[in-house]
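> One predicted model, sequence on top.
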Amino acid sequence: MSKPLTLESAAWAVAALVLLLLLPMIFSATTVDWANEVIYWAILCLGVNLVLGYMGYVSLGHAMFIGTGAYFLALFVDFAEVPLGWSIPLVVVGTALLGLVVGAIVMRVNRIQFLVITLAIAELIHGVFHQIRATGGDDGHSANDTWRVDLTWFGGWDTSESTGFYYWNLLCLLAVMLVLWRFLRSPFGSVLVGIRENEQRMTSLGYNIAIYKIIAFAVSGAAAGVAGILYAQNLQSVNPEPLTWQVSGEALLMVIIGGRKYFIGPVLGAAFYIVVKHLLESITSEYIIFLGLAFMAIVAFFGRGIAGYFVDLYVWAKRRAGVGRPGAPAAEAGE
Amino acid sequence: MAALVLEDLTMSFGALEVIKDISLDVKSGERHAIIGPNGAGKTTLFNLITGWLKPKRGRILLDGQSIAGMSPRRLSYRGLARSFQRNTLFEGLTVEENLRLACQAHRRAKYDPARDRTAYKDILEKAHVAAETMALGDSLGKPVDELAYGQKRQLEVGIALCADPKILLLDEPAAGTSPGERTQLISLIGDLPRNVTVVLVEHDMDVVFEVSDRITVLDYGRLLATGRPEEIRESDAVREAYLGKSGA
C-alpha cells in the first residue's frame, strides 16, 4: 500500500532539491550541460517506466514520443507559427493523442507482441520524418528564432544560456514528477499495478483493462513528449535521431539501471548513464565497451537497480544505528 | 427461488464434448458443490458460467435472465464472482492492496487519476472487513509472496468476496492445502453470509460433505446425480462412478 509521506522522506526530498538548485554554483559549466541532457532523458525514462515498471509492459517504441515531441515543437512554432507559449501545451496534447492511438493498437496484444509492435510503429514514424523534406529530412531543421521560453520578466531569468535553461529544465522535471507521482498513487495508478500483477484477475473482478492500458500509454507518451520539447530546446534544432530505436533501448537501460520498481529509479538511471557515458567518453572513444560492462555489473550485483541499492543501504544504516525496523519492506513501486 | 439455472448446457472442444446437456438449478443462498472425477468437466462448467468460455448450446440464467456469452467483466457487475483453482493473486502486492483492488473494482473511484488511493477510506475499510472474514486481519501488510499456502487460498476466496457477489463460485478452494489449512477453509466458507449463494467445485470430500446443502455429480461431462449429501452418499450410480473406489 502507499505509505504516507513521512517527515524524514520530506527532508530527503528537500535536501535533494537544494542540491539540484545549487548545482550550477557548485559544478562547472560542463556539468550544467550534462545536467540539461540528463533531465530530458530522465523525463523520457519516467514515461517509459510508467509502462515498464508499473504496468509491466516493455515498450521498445518510446523514441516515437520524444522524437515527435521535438518535431511537433518545430512544426507548431516554425511552420504553423503558433506562439511558443501555446505550442508547448499543444505538443503535450499531441504526444498524448499519439499515445492514445498507439495504445488502442497495442491494448489487446501480449507482452512480446507489445514490444515488437511498439518498435515497429516507432520505426515507421522514424521513416516518415526521415523522408519529410520540409523539416530537412535526415539533416533536420534548426529553429528559425528561438524555442526557449522567454522568462526574463521573472527576475531576469535568462533561458538562452545554460544555467538559466537548466532551471527551466529542472522546473519541467519537477512538474512531470509531481503529476506522475500523483497519478501513480491514485486508484487509477493502482489498477496499472494490478494489470502488471495479474490481468486475468483484474478482468474477472470487473476492470476494463484495455481502457487503462490506452490511457496509461497516453500519459506515458505525453511525459516523453515533454522530454522531446526539452530536447529540441536544448539543441535549438530537430533531427530524426531521437526517433531511432536506439533511443528507446537506451531509455530501457537507464530505467533498469536506476531501478524500475522505484518511482525515482528512472531519474537516477538517466543521471548515472549520462554522467558515466561522458566521463568514459573523455577517456576513451571506445566508451561503449565500458558502459556495457558497467551495465552488466549493475544488473549482476544490484538487481533492483541504483534505487534498490540505496534503499538497502538505508535500511542497513538504520539497522546499524539501532533504530531498524526488522523486515521492513522497501518502498517499492505499487506498494 | 433459483439463483442460477443451467438449461441443456453443452460445450465441446473440437470433437470432444466436455459438457453434455447439463440442466441444473441452484437455489438462492444455497451451498452447492459440484464433484466428479478428473476430467468430468467441472472447471469447464465454471468457465462457462463465469463467461471465460462460450457454450455451444444451452442457456444460463442468473436471476431469470440469460447470461450465456457475456464477458467475465459484465458478469462481475451482475453479481457473479469467482476464485480460481490455481492462485490468481497480485503476488507482488500486500494482502491489503490485493483486497483494496478487489473492493475498488465496481466503484467509480477506480478511474480517479489524481487523489491518493488511501483517500477512499470506505474502500480501504471494506478491504479490512474482507480480510477479517477470511482470517487475514493480521497479515494486511504482508506481501502475498510471503504468505503461507493456506493463507493464499484464503486470500483467493477473499478477493472474490470483495465484489459483494450474489453468487460466489469457488474453484477447488482447498486445492493443495494441508489438513489443518483445509479445516480452516471449511469453517471460513461455512461462515460466509447466507445471502451469498456459493457454488463450489472440490475434490476433497471432507470439504464437500461438510459445507454443502446439495451436491451435483458430474461424470464425463454428464450430470449423474443431484441431491442432498446423504442422498449422494447412498446413490449407487455415484458410488459406482466415483465414490466406490475410494470408499469415501
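That came through fine.
> how about the strands in the chain?
If you meant another chain, say so; for now it's chain A. Using DSSP state E, the strands of chain A run over residues A:141-142, A:237-238.
> think we crossed wires, I meant chain B
Along chain B, counting by DSSP E, strands occupy B:2-13, B:16-27, B:31-35, B:57-62, B:65-66, B:80-83, B:167-171, B:197-201, B:214-219, B:222-227.
> show me what contacts A:Leu46?
A:176-177, A:180, A:223, A:266-267 (Cβ atoms under 8 Å, 6 or more residues apart in numbering or on different chains). C-beta coordinates here come from the backbone N, C-alpha and C atoms, glycine included.
> what's the distance between it and A:Phe217?
Separation of A:Leu46 from A:Phe217 (Cβ to Cβ, to the nearest Å) stands at 14 Å.
> Check A:Asp33 too.
With distances defined as Cβ to Cβ, the gap from A:Asp33 to A:Phe217 amounts to 32 Å.
> For the residue with the largest distance to the centre of chain B, give me phi and psi.
Summary for chain B: using Cα atoms, centre = their mean, the residue whose C-alpha lies farthest from the chain's mean C-alpha position is B:Ala114, with a distance of 34.3 Å. Geometry field for B:Ala114 lists phi and psi as phi -130, psi -40, criterion degrees, to the nearest 10.
> burial measure for B:Asn87, as a count.
By the criterion of other Cβ atoms under 10 Å in any protein chain shown, B:Asn87 has 18 neighbours.
> my bad, A:Ala11
10.
> What residues of stretch A:120-131 count as buried?
For stretch A:120-131, the buried set under the neighbour-count rule, 16 or more other Cβ atoms under 10 Å in any protein chain shown, comprises A:121-123, A:125-126, A:129.
> With stretch A:177-188 instead?
Neighbour counts using 16+ other Cβ under 10 Å place A:177, A:179-180, A:183-188 of stretch A:177-188 among the buried residues.
> Show me the subset of these that also lies near chain B.
Checked against chain B using Cβ under 8 Å from any Cβ of the partner chain, the buried residues of stretch A:177-188 give the following subset in range: A:183, A:185-188.
> Please tell me how far the spatially most central residue of chain B sits from B:Ala102.
Computing the C-alpha centroid of chain B and ranking residues by Cα atoms, centre = their mean puts B:Leu170 first, at 1.7 Å. Going from B:Leu170 to B:Ala102 by Cβ to Cβ gives 15 Å.
> Also B:Arg57?
33 Å.
> Between those two, which is the more surrounded one?
Between B:Arg57 and B:Ala102, B:Ala102 has the larger neighbour count (other Cβ under 10 Å), namely 29 against 14.
> Would you agree the more buried one is in contact with B:Leu155?
No. Under the criterion of Cβ atoms under 8 Å, B:Ala102 lies out of contact with B:Leu155, with a separation of 9.7 Å.
> nearest spatial neighbour of A:Val268, skipping sequence neighbours?
That one is not Val; residue A:268 is Leu. With Cβ to Cβ, 6 or more residues apart in numbering or on different chains as the criterion, A:Leu268 has its nearest non-adjacent residue at 4.2 Å, and that residue is A:Gly258.
> how many other residues sit next to the one you found?
When neighbours are defined as other Cβ under 10 Å, A:Gly258 has 27 of them.
> I'd guessed it sits against A:Phe272; true?
Yes. If you go by Cβ under 8 Å, A:Gly258 and A:Phe272 touch, sitting 6.8 Å apart.
> Give me the common contacts of those two.
With contacts taken as Cβ under 8 Å, 6+ apart, the residues that reach both A:Gly258 and A:Phe272 are A:Ile306.
> contact partners of the helix-or-strand element of chain A with minimal mean pLDDT?
Every helix and strand in chain A was compared by mean pLDDT, DSSP states H and E; the lowest is helix A:287-301, with a mean of 86. Contacts of helix A:287-301 from elsewhere in the structure, counted by Cβ under 8 Å, 6+ apart, are A:253, A:256-257, A:273, A:276-277, A:280-281, A:284, A:305-306.
> Could you do stretch B:170-189 as well?
So stretch B:170-189 is contacted by B:31, B:43, B:46, B:82-86, B:133-135, B:148-150, B:153-154, B:156-157, B:160, B:198-204, B:206-207, B:210-211 (Cβ under 8 Å, 6+ apart).
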